[in-house]
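Participant: sharing a model that was predicted from the sequence below.
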Amino acid sequence: MHENIHNRLRILCRRQHETCEKMVRNVRAPSSDHAAFMSYTFAAKQVEHFGTLGILVDAERYADAQIIARVMLEGAALLDWALKEPAVRPKEWCAFALVLDLRLLREKQNRGESIPDGLEQDLRERLCNEAGRFMKKGESDPLSPGSYVQRWPRLTASELVAKYDPGLGPIYAGLSSWVHWSPRGIGEGVERDGDRVRIDWSNRRSGTLAMASGFQSCGHTCRLLAKHCNLPQEGDLQALLQECVEAVA
């Protein structure tokens, strides 16, 4: 039974990857539409990850396929959260890049690298105009990296996943155990026989879980893009989702 689900899911993943890949080739994202830009870049990144996940599954590298699935779930959760306030949060996501640029600028200066004339002044103006919302209370120096919050959003990845779908918490935790070198994650593929240790991380169920999670993450992200930009593939993606639900039921 599980073998049939695994094989059916792999076929559905290939079909969805093809659909999503074609969709992201021709998307218009006006500079004024931050939600469209964020949705498009996230969808394109999900397509990239989804292709890699498929390669790992085909090679029976199921444990590492879980790493890709975890990253994809985080991306779907972040975009889902951001589009709950489409006029605000995607714009903040874009603006926070300026804080990251400032940190990079200071790192280069500390290494003694040459900085183009006018770059720091241009960055200062943009920080003042677009990134003031990220400054810590009581801070006033726009060119000090320490003046800004450490990250955006302030929610952790697990918190975002919980807001996206509370039922995904255990799945996210399971996908994370391999990433964090935990005894649980490593131990799932380890068997001891006296002083001899056998290793086998090619657990097919792990591959099925990775595919199911990746399918959901890529599909949800691309459906959000299709809905926001009124793309015709939204119906195709919804039909694929229904097929997937029936396949794993």
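Facilitator: Cool, got the structure. Numbers count the residues shown, from 1 in each chain.
Participant: centroid residue for this structure?
Facilitator: The C-alpha lying nearest the average C-alpha coordinate of the chain belongs to residue 75 (C-alpha atoms, centre = their mean; 2.3 Å).
Participant: I'd say that residue and residue 46 touch.
Facilitator: Yes. Contact between residue 75 and residue 46 holds when scored by C-beta atoms under 8 Å: they sit 6.0 Å apart. The way it works is simple: take the backbone N, C-alpha and C, and place the C-beta from them, glycine included.
Participant: the residue nearest to the centre of the chain sits in which helix or strand?
Facilitator: Assigning secondary structure by DSSP states H and E places residue 75 in helix 62-82.
Participant: in PDB, could you pull the C-alpha coordinates for that helix?
Facilitator: This file holds the C-alpha atoms of helix 62-82, laid out as PDB (Å, rounded to 0.1, in the frame of the first residue of the first chain):
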ATOM      1  CA  TYR A  62      15.400  10.400   1.500                       C
ATOM      2  CA  ALA A  63      16.900  11.800   4.700                       C
ATOM      3  CA  ASP A  64      18.400  14.800   2.800                       C
ATOM      4  CA  ALA A  65      15.200  15.200   0.900                       C
ATOM      5  CA  GLN A  66      13.700  16.100   4.300                       C
ATOM      6  CA  ILE A  67      16.100  19.000   4.600                       C
ATOM      7  CA  ILE A  68      14.700  20.500   1.300                       C
ATOM      8  CA  ALA A  69      11.100  19.800   2.400                       C
ATOM      9  CA  ARG A  70      11.700  21.700   5.700                       C
ATOM     10  CA  VAL A  71      13.100  24.700   3.900                       C
ATOM     11  CA  MET A  72      10.100  24.700   1.500                       C
ATOM     12  CA  LEU A  73       7.700  24.500   4.500                       C
ATOM     13  CA  GLU A  74       9.300  27.500   6.100                       C
ATOM     14  CA  GLY A  75       9.000  29.500   2.800                       C
ATOM     15  CA  ALA A  76       5.300  28.600   2.400                       C
ATOM     16  CA  ALA A  77       4.600  29.600   6.000                       C
ATOM     17  CA  LEU A  78       6.400  32.900   5.700                       C
ATOM     18  CA  LEU A  79       4.600  33.900   2.400                       C
ATOM     19  CA  ASP A  80       1.300  32.800   3.800                       C
ATOM     20  CA  TRP A  81       1.800  35.000   6.900                       C
ATOM     21  CA  ALA A  82       3.000  37.900   4.800                       C
END
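Participant: give me the common contacts of residue 75 and residue 46.
Facilitator: Common contact partners of residue 75 and residue 46 (C-beta atoms under 8 Å, 6 or more residues apart in numbering): 217, 221.
Participant: what count of nearby residues applies to residue 2?
Facilitator: By the measure other C-beta atoms under 10 Å, the count of residues near residue 2 is 9.
Participant: cool, and residue 106?
Facilitator: Neighbour tally, residue 106, other C-beta under 10 Å: 15.
Participant: now do it, the pLDDT please.
Facilitator: The per-residue pLDDT reported for residue 106 equals 95.
Participant: kindly report the same for the one 4 residues further on.
Facilitator: Residue 110 is assigned 94 on the pLDDT scale.
Participant: repeat that for residue 167.
Facilitator: With respect to pLDDT, residue 167 scores 89.
Participant: related to what we said a few turns ago, for the residue nearest to the centre of the chain, give its distance to residue 21.
Facilitator: Distance of residue 75 to residue 21, computed by C-beta to C-beta, to the nearest Å: 16 Å.
Participant: cool, residue 212 as well?
Facilitator: As defined by C-beta to C-beta, residue 212 lies at a distance of 19 Å from residue 21.
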